[in-house]
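Asks: Structural data only, the sequence is not supplied:
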């Protein structure tokens, strides 16, 4: 009789059952390395000495020597700063760190990198050693596509966090450092550090804590100028300018008046100052890497070379200097409790960036008009542009504004900090939409108190305490709500949470309408909108076709769910021709106007993606759309009052 094998038996023969598992057969994870010593609020014994040579302009290399005193033999861990204030994320450029050699009493000391925390270096201090002597380099990118360039033939931007290792186990405020720097001969520099002496081309600074050192960068330049912005004041405020060319250092009377109005208007707003001197560091360069970073007694600002020489023409980015300066109050003096950390390797949390950055951006926008950095109309046009951008933000449908505060941590692995679909991913929205939230709050207070109170009162109560102190004072969400309630009783917690956790649709525009203006669109660009396009050499069709075209006629941005998105266009797509003719910005604008006429055909774009060419039909007939703020007849012009200088 033929043997019959059932299907189930066939399966069992083909796939025999695994042997019974035994406890000893189960794989176990490898043990983690020992924990890095947690920072303690105790003084580190001795003073770290740090020497930086910043003269290698050709290779763009910072060469470093450092001496770290040690108490005796045993295990020690040295840390490279990772979590950086102002960046709000783990942005320490460890990839630029190289060449580490450690000795003690002239003998080599081996080091090993922690296998989990790549910014930690473990060493065994030998018997009899009183100090660890280090040599290493910071390899600044030699071109922009490799990263942020810190050294050019004319300018050096020295951020101390890139050129220091420090001992684990101590608050950064309890580690004392004596820093020195060698700059190219004849160069000038600006910094919040105070000079102790100069010799042999090297400047030696007074001893400071590690956190003060990291908070005090240097802008040095072949072409350098310092300007006193508050002449005769007991607490100096200085502008330190470096530039690609000497002629760019000329500052006209209108720009100088705006700069000198800045500290005065800030004092009127906050009613206090939190520095013993302040140095604005400003680089006018096409070659230096972008920088916009706040510090307690200084700020880093890199902008277009013609910032002063084309003052009447180039207005985009005018709020940069006011924004970073105002961070001395909001962000440096007062800082969210979960964003303050005892050293530079304890992780930060960014839940209150809509206050730290959002409200600073609000005051920065208002301060441009109060000081004269922008005219009132230019400030209104800037608000219209930003309001329109966020009123058309499709990403609001899935991502609340509160979650965008995590973005500085999420995007650190990306080279430019931005994704391809910014309108969908909502990166950085806590800045600009934060402006609309705080305008909403300001006009609400003004309306309900019949003009007796405003957000200025919040600023004075929240940031204006402890005049003269620059010790950081932390705050929580509840502290923000309490101070708002002290200004005007209201359910501020619900007000804020609705705007932070909601999904729209549309941006919070009540502040505009309550302020006496409505957001409208016309087919005419404002002067401000046009001036924002010209220096960047772009053509902006954000609110019509849904894309921005760069100087190479490639798409620099595509709005999610826009006509461009529907046509399959993406960032990087190059427009070759419009309706059969070579691409020009004005030609495409004319085509959009023509397509708005009754019975008009779709716009045909010849595009290139990689090595493929195709013709894309854009069935869009809505015409050109540019945002403006229009006065609401008969309503109080509260926004005009907000933009007016304080007397």
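Replies: In hand now; what should we look at? Because the structure is a prediction, the values reported are computed rather than measured.
Asks: give me the number of residues near residue 42?
Replies: Counted with other Cβ atoms under 10 Å, residues neighbouring residue 42 total 10. Placement of C-beta: from N, CA and C, glycine included.
Asks: check which helix or strand covers it.
Replies: Assessed by DSSP states H and E, residue 42 sits outside every helix and strand.
Asks: List the contacts of it.
Replies: 170-171, 174 (Cβ atoms under 8 Å, 6 or more residues apart in numbering).
Asks: Swap in 10 Å and give it another go.
Replies: Residue 42 makes contacts with 169-171, 174, as judged by Cβ atoms under 10 Å, 6 or more residues apart in numbering.
Asks: Let me have those in a markdown table, extended by distance to residue 373 and pLDDT.
Replies: What follows is those, written out as a markdown table (distance: Cβ to Cβ, whole Å; pLDDT from 0 to 100):
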| residue | distance to residue 373 | pLDDT |
| --- | --- | --- |
| 169 | 45 | 98 |
| 170 | 41 | 98 |
| 171 | 38 | 98 |
| 174 | 39 | 98 |
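Asks: thought residue 482 was touching residue 492?
Replies: Yes. The criterion here is Cβ atoms under 10 Å, and residue 482 meets it with residue 492 at 8.7 Å.
Asks: Compare these two and say which one has the larger neighbour count.
Replies: The residue with more neighbours, out of residue 482 and residue 492, is residue 492; 19 against 15, by other Cβ under 10 Å.
Asks: give the contact list for the more buried one.
Replies: 441, 444-445, 480-485 are the contacts of residue 492 under Cβ under 10 Å, 6+ apart.
Asks: The nearest residue to it once chain neighbours are set aside: how many residues sit nearby?
Replies: Leaving aside its sequence neighbours, residue 492 sits nearest to residue 484 (Cβ to Cβ, 6 or more residues apart in numbering; 4.2 Å). When neighbours are defined as other Cβ under 10 Å, residue 484 has 23 of them.
Asks: repeat for residue 76
Replies: By other Cβ under 10 Å, the burial measure for residue 76, its neighbour count, is 22.
Asks: any idea whether it is helix, strand or coil?
Replies: Three-state call for residue 76 (DSSP: H, G, I helix; E, B strand; the rest coil): strand.
Asks: The stretch 201-350 of the chain: strands as residue ranges?
Replies: Ranges of strands in the stretch 201-350 of the chain, per DSSP state E, counting those that start in this stretch, are 202-205, 208-209, 218-221, 224-228, 237-243, 278-284, 292-294, 298-303, 334-336.
Asks: Any idea which of those strands gets closest to residue 623?
Replies: Proximity to residue 623, assessed across these by Cβ to Cβ, is greatest for strand 298-303 (33.7 Å).
Asks: Identify the residues contacting residue 583.
Replies: 539, 549, 553, 574-577, 605-607.
Asks: Kindly recompute the last result at 7 Å.
Replies: Neighbour list for residue 583: 553, 575-577 [criterion: Cβ atoms under 7 Å, 6 or more residues apart in numbering].
Asks: Validate this expectation: the residue nearest to residue 492 resides in a helix.
Replies: Yes. Membership of residue 484 in a helix is supported by three-state DSSP.
Asks: Check the gap between it and residue 636 for me.
Replies: 21 Å (Cβ to Cβ, to the nearest Å).
Asks: related to what we said a few turns ago, so for residue 88, which of the strands of the stretch 201-350 of the chain sits nearest?
Replies: strand 334-336 (9.8 Å).
Asks: quick one on the thing from earlier: quick one, which of the contacts of residue 583 are buried?
Replies: Buried by 16 or more other Cβ atoms under 10 Å: 553, 575, 577, out of the contacts of residue 583.
Asks: any chance of these in a markdown table, plus secondary structure, distance to residue 368 and pLDDT?
Replies: Shown next, in a markdown table, are the buried ones among the contacts of residue 583 (DSSP: H, G, I helix; E, B strand; the rest coil; distance: Cβ to Cβ, whole Å; pLDDT from 0 to 100):
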| residue | secondary structure | distance to residue 368 | pLDDT |
| --- | --- | --- | --- |
| 553 | coil | 32 | 96 |
| 575 | strand | 34 | 98 |
| 577 | strand | 40 | 98 |
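Asks: Save the residues you listed as CSV, and put in distance to residue 460 too.
Replies: Shown next, in CSV, are those (distance: Cβ to Cβ, whole Å):
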residue, distance to residue 460
553, 50
575, 51
577, 58
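Asks: Report the buried members of the contacts of residue 492.
Replies: By 16+ other Cβ under 10 Å, those give 441, 444-445, 480-481, 483-484 as buried.
Asks: and which of the residues you listed is nearest residue 342?
Replies: residue 480 (23.0 Å).
Asks: Can you tell me the closest non-neighbouring residue to the closest one?
Replies: Spatially, and ignoring its direct neighbours in sequence, residue 480 is nearest to residue 355 (5.9 Å; Cβ to Cβ, 6+ apart).
Asks: The one you found belongs to a helix, doesn't it?
Replies: Yes. Using three-state DSSP, the assignment for residue 355 is a helix.
Asks: what's the spacing between residue 358 and residue 119?
Replies: Residue 358 is 30 Å from residue 119, by Cβ to Cβ.
Asks: Compare those two (neighbour count), which wins?
Replies: Ranked by neighbour count (other Cβ under 10 Å), residue 358 and residue 119 place residue 358 first, with 24 against 20.
Asks: Quick check: the gap between the nearest residue to that one once chain neighbours are set aside and residue 496.
Replies: Leaving out its chain neighbours, the residue that sits closest to residue 358 by Cβ to Cβ, 6+ apart is residue 434, at 1.8 Å. Distance from residue 434 to residue 496, counting by Cβ to Cβ: 11 Å.
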